[in-house]
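[1] here's my sequence, what's the structure:
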Amino acid sequence: GRGGDIITEAQFADFELKFDWMVGLAGNSGVLYRAVEGLEWVYHSAPEMQVLDDEGHRDGRSPLTSAGSNYGLHGAPRGVVHGANEGNSARILVDGNHVEHWLNGQMTVSYEMWSPEWDQLVSASKFAPFEEYGRPAEGSIGIQDHGHEIRYKNIKIRPLAPPPEAH
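    Down below sits the predicted model:
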């Protein structure tokens, strides 16, 4: 149905998220992390692992917006995603400012939030007008709805333990 974006009530800072997904023909969705509420759209604050039928959707033409990418900022390699109506396994690791996206057992993206490279990429992207984009140190996990057929299952999140305090 027309459910719209959904986000967790719980807030996560450092975590490992694993999930399986499948999109229909030309399907588009995404998993967003460290999202904050109160903005017009969840993507105004949160980076996104793109979930997409690369072959059937126009966003699949660019590595920056294809499946497994950090949408609009860090491109994903070609040939990793399975096609429409086929299952995919994903993993997102967020540890401090370090982020990794994994798709079907292959790392597709690795980057450092809040680094000079990060700031440069954001300022040159469609996210530049959103002051809070990628800034929260913790937030909700969100699943994006673009009105396409999408299925998620086996969603598991493991918060990472905080580092031990120095004595």
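
[2] can you list the weak-confidence ranges in this structure?
    Under the criterion of pLDDT under 70, the regions of the chain flagged as low confidence span 1-3, 39-40, 162-167.

[3] can you do 80?
    With pLDDT under 80 as the threshold, the chain has low-confidence stretches at 1-5, 38-44, 146-147, 161-167.

[4] what are the boundaries of the strands in it?
    6-7, 15-23, 28-35, 48-52, 88-95, 98-103, 106-112, 140-145, 150-159 (DSSP state E).

[5] for Phe130, which of those is the nearest?
    Proximity to Phe130 (C-beta to C-beta) singles out strand 28-35 among the strands of the chain, at 11.9 Å. C-beta coordinates here come from the backbone N, C-alpha and C atoms, glycine included.

[6] elements contacting that closest one?
    Using 3 or more C-beta pairs under 8 Å, 6 or more residues apart in numbering; DSSP states H and E as the contact definition, the elements that strand 28-35 packs against are strand 15-23, strand 48-52, strand 88-95, strand 140-145.

[7] check the ones you listed for me and report the most buried one.
    Among these, ranked by average contacts under mean count of other C-beta atoms under 10 Å, first place goes to strand 48-52 (a mean of 28).

[8] what is that one packed up against?
    Helices and strands in packing contact with strand 48-52 are listed as strand 15-23, strand 28-35, strand 88-95; criterion 3+ C-beta pairs under 8 Å, 6+ apart.

[9] just want the angle from that strand to strand 88-95.
    With axes from the mean of the first three to the mean of the last three C-alpha atoms, to 10 degrees defining the directions, strand 48-52 sits at 180 degrees from strand 88-95.

[10] name the residues that touch stretch 67-83?
    Where contact means C-beta atoms under 8 Å, 6 or more residues apart in numbering, the residues beyond stretch 67-83 that reach it are 30, 43, 47-56, 60, 62-66, 88, 90, 99, 101-104, 106, 108-109, 111, 118, 121-122, 125-127.

[11] now the terminal residues of it, how far apart.
    Stretch 67-83 stretches 10 Å from its first residue to its last (C-alpha to C-alpha, to the nearest Å).

[12] now Gln106: closest residue in space that isn't a chain neighbour?
    Val80 (5.1 Å; C-beta to C-beta, 6 or more residues apart in numbering).

[13] number of nearby residues for that neighbour?
    The local packing of Val80 (other C-beta atoms under 10 Å) involves 18 other residues.
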